[in-house]
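Colleague: The sequence and its predicted three-dimensional model are supplied below.
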Amino acid sequence: MSLRRIRAGELLALLGAGLLIVSLLEPWYEGQLGRLDAWDTFGPAVILLMAATSAALALVISTLTERSAALPVSSAVWSVLLGLIAVIAAIVRVLERPDHTTSLCVGAWLALAGAVAVLLGGWLSLRDERTSLYEPASPEPRPRP
């Protein structure tokens with residue numbers, strides 16, 4: 001496991017996963033009933049946000065532990081897909097007001113920022129075309145007949 005393998009895309013996805021985890025612990029809405037967090041208003045959007053968090057964490061862990069690029073690339077593809085879905089879910093959560101709440105709190109905005117960071121982190125990790133840490137194979141040429 002080498003930390004040199006982590007690139008900007010993976011760091012951004014990790015930051016997004018951290019923001020999403022913190023957002024689940026912070027209040028999302030405020031209203032007559034008091035402050036409501038994600039667990040009080042649990043629904044499909046929260047599940048989609050947790051799926052994007054899992055994909056971002058899988059991207060970082062696979063980048064750190066795998067020797068080949070196959071698993072990190074597939075994790076990046078899933079991070080982009082689930083990150084896009086999470087951005088849509090976070091936008092819906094920002095626009096909707098459950099249980100007659102009157103205002104948004106920091107949790108909803110952190111979830112939106114985290115979902116965007118997961119999406120951009122997965123996208124950047126797919127776009128990064130730096131050479132790997134390993135020397136490219138250079139076979140000896142065959143002798144000519």
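Modeller: Cool, the structure landed.
Colleague: Could you double-check that Val92 sits in contact with Ala45?
Modeller: Yes - counting by C-beta atoms under 8 Å, Val92 touches Ala45, with 5.9 Å between them. (C-beta placed from N, C-alpha, C; glycine too.)
Colleague: More neighbours: which of those two?
Modeller: The neighbour count for Val92 versus Ala45, taken as other C-beta atoms under 10 Å, is higher for Ala45 (20 against 13).
Colleague: Make sure that one is indeed in a helix.
Modeller: Yes - applying DSSP: H, G, I helix; E, B strand; the rest coil, one finds Ala45 inside a helix.
Colleague: so what's the nearest residue to it once chain neighbours are set aside scoring on pLDDT?
Modeller: For Ala45, ignoring the flanking residues on the chain, the nearest one in space by C-beta to C-beta, 6 or more residues apart in numbering is Ala89 at 3.9 Å. On pLDDT, Ala89 comes in at 94.
Colleague: Please give the element, helix or strand, for Ala89.
Modeller: helix 70-95 (DSSP states H and E).
Colleague: Likewise for Leu124?
Modeller: Here Leu124 sits within helix 106-127, counting by DSSP H and E.
Colleague: Equivalent analysis for Ile21, please.
Modeller: helix 8-25.
Colleague: ok, now which ones touch the residue lying closest to Leu24 once chain neighbours are set aside?
Modeller: In space, and not counting its chain neighbours, Leu24 is closest to Ala38: 4.8 Å by C-beta to C-beta, 6+ apart. Ala38 is in contact with Ser23, Leu24, Trp28, Val46, Leu49, Gly107, Ala111, counting by C-beta atoms under 8 Å, 6 or more residues apart in numbering.
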